[in-house]
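J.: When you get a sec, could you give me coordinates for this:
(4 chains)
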4 protein chains.
Amino acid sequence: MDYQVDLNCDLGESFGAYTMGNDEDILDLITSANVACGFHAGDPSVMKKTVRMALEKGVGIGAHPGTPDLSGFGRRAMAISAEEAYDLTMYQIGALDAFVRAEGGVMQHVKPHGALYNMAAKDSSLAEAIAEAVYAVNPELILFGLSGSELVRAGEKIGLRTASEVFSDRTYQPDGSLTNRREPNALITDPEIAGAQVVRMVKEGKVRTVDETDFALRADTVCIHGDGVTALEFARRLKGLLPDEGVRVEKIGSRFS
Amino acid sequence: MDYQVDLNCDLGESFGAYTMGNDEDILDLITSANVACGFHAGDPSVMKKTVRMALEKGVGIGAHPGTPDLSGFGRRAMAISAEEAYDLTMYQIGALDAFVRAEGGVMQHVKPHGALYNMAAKDSSLAEAIAEAVYAVNPELILFGLSGSELVRAGEKIGLRTASEVFSDRTYQPDGSLTNRREPNALITDPEIAGAQVVRMVKEGKVRTVDETDFALRADTVCIHGDGVTALEFARRLKGLLPDEGVRVEKIGSRFS
Amino acid sequence: MDYQVDLNCDLGESFGAYTMGNDEDILDLITSANVACGFHAGDPSVMKKTVRMALEKGVGIGAHPGTPDLSGFGRRAMAISAEEAYDLTMYQIGALDAFVRAEGGVMQHVKPHGALYNMAAKDSSLAEAIAEAVYAVNPELILFGLSGSELVRAGEKIGLRTASEVFSDRTYQPDGSLTNRREPNALITDPEIAGAQVVRMVKEGKVRTVDETDFALRADTVCIHGDGVTALEFARRLKGLLPDEGVRVEKIGSRFS
Amino acid sequence: MDYQVDLNCDLGESFGAYTMGNDEDILDLITSANVACGFHAGDPSVMKKTVRMALEKGVGIGAHPGTPDLSGFGRRAMAISAEEAYDLTMYQIGALDAFVRAEGGVMQHVKPHGALYNMAAKDSSLAEAIAEAVYAVNPELILFGLSGSELVRAGEKIGLRTASEVFSDRTYQPDGSLTNRREPNALITDPEIAGAQVVRMVKEGKVRTVDETDFALRADTVCIHGDGVTALEFARRLKGLLPDEGVRVEKIGSRFS
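T.: Residues are numbered from 1 along each chain as shown, chains lettered A, B, ... in the order given. Predicted structure coming up:
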């Protein structure tokens, strides 16, 4: 096979007595796990358990730093400064790294969560602060960002390896941004269309946008959603389809090693 | 000189818009800093700043993990399980370690804070969980605990280097525990008596208890309080007195290297 | 009918993106709802929604104040002072009361949660502080406490109306306390035995303890668990059984009005 | 005298072991206190103490609800929804109201804090949600907002009494907004100029803007800063100056009663 792609999913989002997601099931379908680090979700006990499960299944482990917004699940845009972004990214990477190292593993990547991810896609100063924090802790880490975003650009500029992320179940705007979730045509619910979109992004480096033009983008890793039975079924189909189309599914870290 | 001792102080306890302590002044008087890690006090920005200051002044840096009790400053006993103690200790060490590594330093030690310190002094299962977390992250770390406590015992048992902590401004009970702060004779306010107590603990390995008996203890490091003008003056006198008495003041890490 | 009893359940325990419990289903089975107030669980949006649902279904609304321990769900004993207990109880009652008043309702009762409930059952100073806070906000509120506990005693002493709470699915010790959950015989899993225990507590004021003696207690309200299919089924049977046994199920507030 | 004005200040911003502000001193200079409610600052114990002090000194008490952003002191803009604004405003008003009622007082007003205040000045949907929450809890409460803001407009629209707030130590833009703090001419440091600005706003309903034009505005209450010796001195001068200029300083609630 000549093509390859990573499948990543947010994991370890349970908190205290609250359970979220189907972490065990989803681990069988993905190659990289973005583990919540206690700011927007997750807690030390959940982190340890999630790291252990991911290591057992050979899934690449990444830190998934978020804003300090537990009640909003890190989804609300927040006017944090670039320095605050640097500091909270570093803090959360370190916290997760302790569990990874204690369990004998090596952290593979960092993917900002929710509002932090979205803000860093467009705001170059936030993007650079996050990239600098990642680099300062460990220059071997792979930085995940939206394909074509400021975050990917900031990572490359500083010398980090990056992974450009694409979505199977979201439609794209002519400028390569995702259609806002509030729009009626934001989501792709037909698994065949979703699968075809991923295959084309990986193999041709192009996506068909909502106005029927093509947009060029890089597709290193696909975001998989872990909540709900449909999402799991969606992921299962995608994972089955890709090898048939000549796309090897493997964790991003393997490509660089 | 044949004797040596470390002087440690809690640092980095500011939080967001709230300032606490005289970190810059106290750094000139101590050899080891216990840096709050965001649970009972501190935040990512304060941690970065504190680590930088400590490195500039050559002071040994330690993680100061506490209970998840910001509103109680980590001082309220809390029925956490041994596993929770392991997990939150590991999380907090990791978070601080990221800043230390990013700044080119090496973490020297770990000292639990407040209620966690007090509970681990008496509860062997909590003590062992904390010691295991420290060891699992990095077996080179030095574990600070109350002299004669379960925590020091747990650290030694697992193969960690430990530092037995003593107090200059607190009186001791016949069993080697500190007199409860609620008792009228709990505090030593005369700096000469306090200084003499430290000198004797370091050189003779003994402390005179409240009922005028001697108790044998090890004194590797002395707890310095950083809040208030009196505390600073107290620390200044102690730091001046020790060399005159033939006790070298140096960071604990130097002794082991 | 000559007998009556209230059925209460903890509600509104969801938080942000996290869902807990089957609030809508359970509201059809109970007469009083203990609504989490944001410290151990719940948030302002969940509180509003829960208050609205309870008012629609005519269920009595109570504040369910807990310790500031979101990550531990308020279940971990915590050494808070009596004054802190007073303050946090008052704060949480007030917060919930705003929603109740805004929706045109009247708060019926207050039941401390988890560790706060357990500590106040045995510690008279905590119990009195909580009772005083309830009284100071509104002397018409009914205070819920474990039957025979210090909390019920403190409420009566200060002139509050109280509701003595009993459990259908827990066994009792000879001194009237609940068997520790860690003991193998702590739980009653046979719904017939559980139902019979409630009927006898309500009608005879007695419970058969684990050593086969009788213990006298008052049974104003029964704690219903809302999590899990079994719990719902358990509650459904109990609610059906009671009228057959001549026990009217009605909200505690109706008895006093 | 024909003119009158209220002087308000943020109070009760201490938290746990952290102290902020000179609450006792400032209470002698102001007529209305905005008391933090535990989201951006404050805690139940601080709230109780602050309410007691304000009642003793006859100062009007207001709730000062903020965003759930303790680490950012509620100063960071946050993309909360209108419904979330409604819910968190109601929660915080209720929490403070319990202390006010328990101490035998009556809450006078509500003033959103920091980012919530700034966002509600411009965003009419947030402003309306906040005004609705205030009205729903108690239609007698007075809503404080920036003079000319959406918040004042939303309050008036729903039938609340409002207080238009002006600043003595900030310069104004031609459109009546405050000059951004990052601009060099944002602050007025000369107490005479500051005093004259307040006198003119109160008596003439006009302020001289940075481009030397006049802007018409209403001035019901002046924001006083409570941090630092300079701020206290500033407030003292202002309080002395106003009666000499024929402006009576009295709490806003007196005007409506």
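J.: Give the burial count for A:Lys157, as a bare number.
T.: Residue crowding around A:Lys157 was assessed by other C-beta atoms under 10 Å in any protein chain shown; the count is 14. Every C-beta, even on glycine, is put in place using the N, C-alpha and C of the backbone.
J.: got it, and A:Thr189?
T.: Residues within reach of A:Thr189, counting by other C-beta under 10 Å, total 9.
J.: For it, which residues are in contact?
T.: Counting by C-beta atoms under 8 Å, 6 or more residues apart in numbering or on different chains, A:Thr189 touches A:Asp169.
J.: same check, this time on A:Glu83
T.: Residues A:Ala129, B:Ser45 are the ones in contact with A:Glu83 under the rule C-beta under 8 Å, 6+ apart.
J.: Now do the SS call for it.
T.: The three-state label given to A:Glu83 by DSSP: H, G, I helix; E, B strand; the rest coil is helix.
J.: how much space is there between it and chain C?
T.: Here the criterion is C-beta to the nearest C-beta, to the nearest Å. By it, A:Glu83 lies 26 Å from chain C.
J.: can you list the weak-confidence ranges in the stretch 101-250 of chain A?
T.: Along the stretch 101-250 of chain A, segments meeting pLDDT under 70 span A:228-229.
J.: what does it put close to chain D?
T.: Where proximity means C-beta under 8 Å from any C-beta of the partner chain, the interface of the stretch 101-250 of chain A facing chain D comprises A:Ala115.
J.: quick one: the helices in the stretch 101-250 of chain A?
T.: A:114-122, A:124-137, A:150-158, A:191-204, A:229-244 (DSSP state H, counting those that start in this stretch).
J.: wait, which of the ones you listed is closest to D:Gly104?
T.: Each of those was scored for nearness to D:Gly104 using C-beta to C-beta, and the closest is helix A:114-122 (43.7 Å).
J.: Tell me which other helices or strands that closest one touches.
T.: Here helix A:114-122 is seen to pack against helix A:82-102, helix A:124-137, strand A:142-146, helix A:150-158 when contacts are counted using 3 or more C-beta pairs under 8 Å, 6 or more residues apart in numbering or on different chains; DSSP states H and E.
J.: Next one: the third one, is it in contact with chain B?
T.: Right, the one you point to is strand A:142-146. No - Strand A:142-146 lies apart from chain B when judged by C-beta under 8 Å from any C-beta; the minimum separation is 15.4 Å.
J.: Turn the helices of the stretch 101-250 of chain A into JSON lines, including distance to D:Gln108.
T.: Conversion of the helices of the stretch 101-250 of chain A to JSON lines gives the following (distance: least, C-beta to C-beta, whole Å):
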{"stretch": "helix A:114-122", "distance to D:Gln108": "36"}
{"stretch": "helix A:124-137", "distance to D:Gln108": "41"}
{"stretch": "helix A:150-158", "distance to D:Gln108": "47"}
{"stretch": "helix A:191-204", "distance to D:Gln108": "57"}
{"stretch": "helix A:229-244", "distance to D:Gln108": "51"}
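J.: Surely A:Leu7 touches A:Leu238?
T.: Yes - counting by C-beta atoms under 8 Å, A:Leu7 does reach A:Leu238; the two are 7.3 Å apart.
J.: got any residues that touch both of those two?
T.: A:Val222, A:Ile224.
J.: Neighbours of the residue of the stretch 101-250 of chain A found nearest chain C, how many?
T.: Of the stretch 101-250 of chain A, the residue with the smallest distance to chain C, taken as C-beta to the nearest C-beta, is A:Asp227 at 9.7 Å. Here the neighbour count serves as a burial measure; for A:Asp227 (other C-beta under 10 Å) it reads 15.
J.: Please name the nearest non-neighbouring residue to it.
T.: A:Gly21 (5.8 Å; C-beta to C-beta, 6 or more residues apart in numbering or on different chains).
J.: residue contacts, the one you found?
T.: A:Gly21 sits next to A:Asp10, A:Leu11, A:Glu13, A:Ser14, A:Gly226, A:Asp227 when contact means C-beta under 8 Å, 6+ apart.
J.: For chain C, see how far away the third one is.
T.: Put plainly, it is A:Glu13. Summarising the geometry, the distance separating A:Glu13 from chain C, computed by C-beta to the nearest C-beta, is 8 Å.
J.: That residue contacts A:Met20, correct?
T.: Yes - A:Glu13 is within contact range of A:Met20, at 4.4 Å (criterion: C-beta under 8 Å).
J.: neighbour-wise, which of these two wins?
T.: The residue with more neighbours, out of A:Glu13 and A:Met20 and counting by other C-beta under 10 Å, is A:Glu13; that gives 27 against 21.
J.: Kindly report the residues of chain A close to chain C.
T.: Counting by C-beta under 8 Å from any C-beta, chain A comes close to chain C at A:Phe15, A:Gly16, A:Ala17, A:Tyr18, A:Met20, A:Ala41, A:Asp43, A:Leu70, A:Ser71, A:Gly72, A:Phe73, A:Arg75.
J.: Most neighbours among those, which one is it?
T.: Neighbour counts for the residues of chain A next to chain C were taken using other C-beta under 10 Å; the highest belongs to A:Ala41, which has 29 neighbours.
J.: okay but that residue is in contact with A:Glu13, surely?
T.: Yes - counting by C-beta under 8 Å, A:Ala41 does reach A:Glu13; the two are 4.1 Å apart.
J.: Need the residues touching each of these two.
T.: Joint contacts of A:Ala41 and A:Glu13 (C-beta under 8 Å, 6+ apart) are A:Met20.
J.: sorry, back to before: nearest to C:Ala36, out of the helices and strands packed on helix A:114-122?
T.: Between C:Ala36 and those, the shortest separation by C-beta to C-beta is 27.5 Å, and it involves helix A:82-102.
J.: Pull out the buried positions in that closest one.
T.: Of the residues in helix A:82-102, those scored as buried under the neighbour-count criterion (16 or more other C-beta atoms under 10 Å in any protein chain shown) are A:82, A:84-102.
J.: and the lengthiest strand in chain A, what does it pack onto?
T.: Among the segments of chain A that qualify as a strand by DSSP state E, the longest is strand A:3-11. Helices and strands touching strand A:3-11, as assessed by 3+ C-beta pairs under 8 Å, 6+ apart, comprise helix A:23-27, strand A:32-36, strand A:60-64, helix A:191-204, strand A:221-224, helix A:229-244, strand A:247-249, helix A:252-256.
J.: Okay, buried residues for it please.
T.: The neighbour-count check on strand A:3-11 (16+ other C-beta under 10 Å) flags A:Gln4, A:Val5, A:Asp6, A:Leu7, A:Asn8, A:Cys9, A:Asp10, A:Leu11 as buried.
J.: do the same with stretch A:249-257
T.: Neighbour-count burial for stretch A:249-257 flags A:Val249, A:Glu250, A:Lys251, A:Ile252, A:Gly253 (criterion: 16+ other C-beta under 10 Å).
J.: show me what contacts the residue nearest to the first one when sequence neighbours are not counted?
T.: Distances taken as C-beta to C-beta, 6+ apart put A:Leu242 closest to A:Val249, at 5.3 Å, once the chain neighbours are dropped. Taking C-beta under 8 Å, 6+ apart as the criterion, A:Leu242 is in contact with A:Val5, A:Gly195, A:Val198, A:Val199, A:Val202, A:Arg248, A:Val249.
J.: Understood, closing this out.
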